[in-house]
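Q: Here is my input, please return the structure:
(2 chains)
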Protein chains: 2
Amino acid sequence: MIVVKVGGAEGIDYEKVAEDAASLWKEGVRLILLHGGSAEMGRIAEALGHPPRFLTHPGGLQSRLTDRKTLEIFEMVYCGLVNKRLVELLQRHGANAVGLSGLDGRLLVGRRKAAVKYVEDGKVKIHRGDYTGSVEVVNTGLLHLLLEAGYLPVLTPPALSYENEAINTDGDTAAAKVALAMGAEVLIFLSNVPGLLANYPDESSLVREIPAERVDAPEYMALAQGRMKKKVLGAVEAVKGGIKRVVFADGRVRNPIRRALAGEGTVVR
Amino acid sequence: MIVVKVGGAEGIDYEKVAEDAASLWKEGVRLILLHGGSAEMGRIAEALGHPPRFLTHPGGLQSRLTDRKTLEIFEMVYCGLVNKRLVELLQRHGANAVGLSGLDGRLLVGRRKAAVKYVEDGKVKIHRGDYTGSVEVVNTGLLHLLLEAGYLPVLTPPALSYENEAINTDGDTAAAKVALAMGAEVLIFLSNVPGLLANYPDESSLVREIPAERVDAPEYMALAQGRMKKKVLGAVEAVKGGIKRVVFADGRVRNPIRRALAGEGTVVR
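A: Below is the predicted model:
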């Protein structure tokens, strides 16, 4: 079983990802895709007059400020535009994909963080009423049901809170949770860079390998810039939980999944 | 098995529909929902600067002109906003809903009509390149798989063409196809009127019953105004195909499905 997180940043080539995923699926490889949608989210939210806003947390991580209106736009972009685009491309390449959000069949359930700490003007403040949270439970039964019947699941946030509210959740950590819950051998993060870069954004400075026991050492965490940070946290969680191999790889190239499996990118093992 | 088409017009109360559907589901009634989204589609498409356009066909029926941009907005509204809203409401009321478009698992497959005849200034013209079509094949295997595992399927257009393109398809006739393919006993159309009205829009002129063998008689077809027309065509198809009972009922009231089952609305049998 391979879990592939397809990033949502500009430059990732969904056509090539779908072609590669469908070809692996036709060879009998068990795959689960999980995707983002941040670039499209930015465009659509701007066009609808509700531009994205982010909070910076005390630890330095950023997250999307998600009021109910943002959540609805998020669902339109992630569950509608991006999920159905990927499903259509996979169907075109011969894979019988089924797109699901975390709400569907209670696939991704977690705790809503209605009160979120953030930093503004050097002070820690609290934002209340946010629709965000983190995935704690994966409905592996539904995924097994679909996989055994020959479908290729294509997952997307939002998740469902324990109180049955849709909550925005980070796709990278959700992918790690899915990989762990399903006992995947490999977890691949496809983004718009070739992997972890020693001198971001210099793509020739690719870090080839990180020993699993050292993945959360400061020297490696320091390599993770911006949105890469959550992918590295996802990798830490996955490797600690027993996933044998995590690969950060390029989602802009032909056969991105096969290349990642062949060791192109940053391999954590 | 009951198939319920939840209309997308202004006024339909999704909260009440979800509450009623979830309560029936918890009693063990096998349900499939299929929904529209026309009112939300109008709002979002306007806001995105791509307002809806409709073609009037030689027979007088209207359909949405669907270029690729419209199709993407359609997916955002139907598969994202409306589908996930319904799934979330159903989860809140205790039903384990799974939202799927016709693309997912090739659930609704049909023929794309790339060339569509329409009437303009009294002349019949041809519009090419449209992404519309009609459902011919329903993947009943996937629906049975989900129903038997205890999930409540919540379906929405678009469908998938034989060439694996997403196509806009009429939800009312799609609901009739699903009901027929699944051998449903009852097909219910919930809209923002109490049923077929003899003097539209006078709600006191509700037609209580139509004998099945007469449903496509001119006197009844004449009752069908505007968007009701396709629902009546859906009913004709369903009744001719062997569905015992079709009910046109009010989607604005408490317990709309139970009321329809109890005979409130226009019953075709």
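
Q: Touching stretch A:68-80 from outside, list them.
A: By Cβ atoms under 8 Å, 6 or more residues apart in numbering or on different chains, the surrounding residues in contact with stretch A:68-80 are A:35-37, A:40-41, A:44-45, A:48, A:50, A:52-53, A:64, A:66, A:99, A:101, A:131, A:156-158, A:166-168, B:44, B:75-81, B:83-85, B:99. (Glycine included, C-beta is placed from N, CA and C.)

Q: Kindly recompute the last result at 6 Å.
A: Residues external to stretch A:68-80 that are found in contact with it (Cβ atoms under 6 Å, 6 or more residues apart in numbering or on different chains): A:37, A:40-41, A:44-45, A:50, A:101, A:131, A:156-157, A:166, A:168, B:75-76, B:79-81, B:84.

Q: Only the buried residues of it, if you could.
A: Residues of stretch A:68-80 classed as buried by neighbour count (16 or more other Cβ atoms under 10 Å in any protein chain shown): A:70-80.

Q: Any chance of TSV for the residues you listed, columns secondary structure and pLDDT?
A: Shown next, in TSV, are the buried residues of stretch A:68-80 (DSSP: H, G, I helix; E, B strand; the rest coil; pLDDT from 0 to 100):
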residue	secondary structure	pLDDT
A:T70	helix	96
A:L71	helix	97
A:E72	helix	98
A:I73	helix	98
A:F74	helix	98
A:E75	helix	98
A:M76	helix	98
A:V77	helix	98
A:Y78	helix	98
A:C79	helix	98
A:G80	helix	98
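
Q: How about the residues of the stretch 51-200 of chain A by chain B?
A: A:72, A:75-76, A:79-81, A:84, A:87-88, A:91-92, A:96, A:98-99, A:103-105, A:145, A:149, A:151, A:164, A:166 (Cβ under 6 Å from any Cβ of the partner chain).

Q: Which pLDDT value does the model give A:E40?
A: In this prediction, A:E40 carries a pLDDT score of 97.

Q: how about the nearest residue to it, chain neighbours excluded?
A: Nearest in space to A:E40, with sequence neighbours left out and distances taken as Cβ to Cβ, 6 or more residues apart in numbering or on different chains, is A:V77 at 5.1 Å.

Q: Out of the buried residues of stretch A:68-80, the closest to chain B would be?
A: Checking those against chain B with Cβ to the nearest Cβ, the nearest one is A:G80 at 2.7 Å.

Q: Next, format the buried residues of stretch A:68-80 as JSON lines and append distance to B:G241.
A: Output for the buried residues of stretch A:68-80, formatted as JSON lines (distance: Cβ to Cβ, whole Å):
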{"residue": "A:T70", "distance to B:G241": "44"}
{"residue": "A:L71", "distance to B:G241": "40"}
{"residue": "A:E72", "distance to B:G241": "37"}
{"residue": "A:I73", "distance to B:G241": "40"}
{"residue": "A:F74", "distance to B:G241": "40"}
{"residue": "A:E75", "distance to B:G241": "34"}
{"residue": "A:M76", "distance to B:G241": "35"}
{"residue": "A:V77", "distance to B:G241": "38"}
{"residue": "A:Y78", "distance to B:G241": "37"}
{"residue": "A:C79", "distance to B:G241": "32"}
{"residue": "A:G80", "distance to B:G241": "31"}
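
Q: Make a ChimeraX selection of the buried ones in the residues of the stretch 51-200 of chain A next to chain B.
A: Here the buried members of those are turned into a ChimeraX selection, burial being counted by 16+ other Cβ under 10 Å:
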select /A:72,75,76,79,80,81,84,87,88,91,92,96,98,99,103,104,105,145,151,164,166
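
Q: Run through who's touching the helix or strand containing A:Q91.
A: Per DSSP states H and E: A:Q91 is located in helix A:83-92. The contact list for helix A:83-92, computed with Cβ under 6 Å, 6+ apart, reads A:14-15, A:18, A:22, A:35, A:97, A:99, A:154, A:156, B:75, B:79, B:103-104, B:164, B:166.

Q: got the buried residues for the least confident helix or strand in chain A by mean pLDDT?
A: Of all regular secondary-structure elements in chain A, judged by mean pLDDT, DSSP states H and E, the least confident is helix A:218-221 with a mean of 76. Counting neighbours by 16+ other Cβ under 10 Å, one finds that the buried residues in helix A:218-221 are A:Y220.

Q: how far is it from where the chain is centred?
A: 21 Å (Cα atoms, centre = their mean, to the nearest Å).

Q: got it, and stretch A:21-29?
A: Per Cα atoms, centre = their mean, the centroid offset for stretch A:21-29 relative to its chain is 21 Å.

Q: Same check on stretch A:247-264?
A: Averaged C-alpha coordinates place stretch A:247-264 at 15 Å from its chain's average position (Cα atoms, centre = their mean).

Q: do the same with stretch A:178-194
A: For stretch A:178-194 - counting by Cα atoms, centre = their mean - the centre lies 9 Å from the chain centre.
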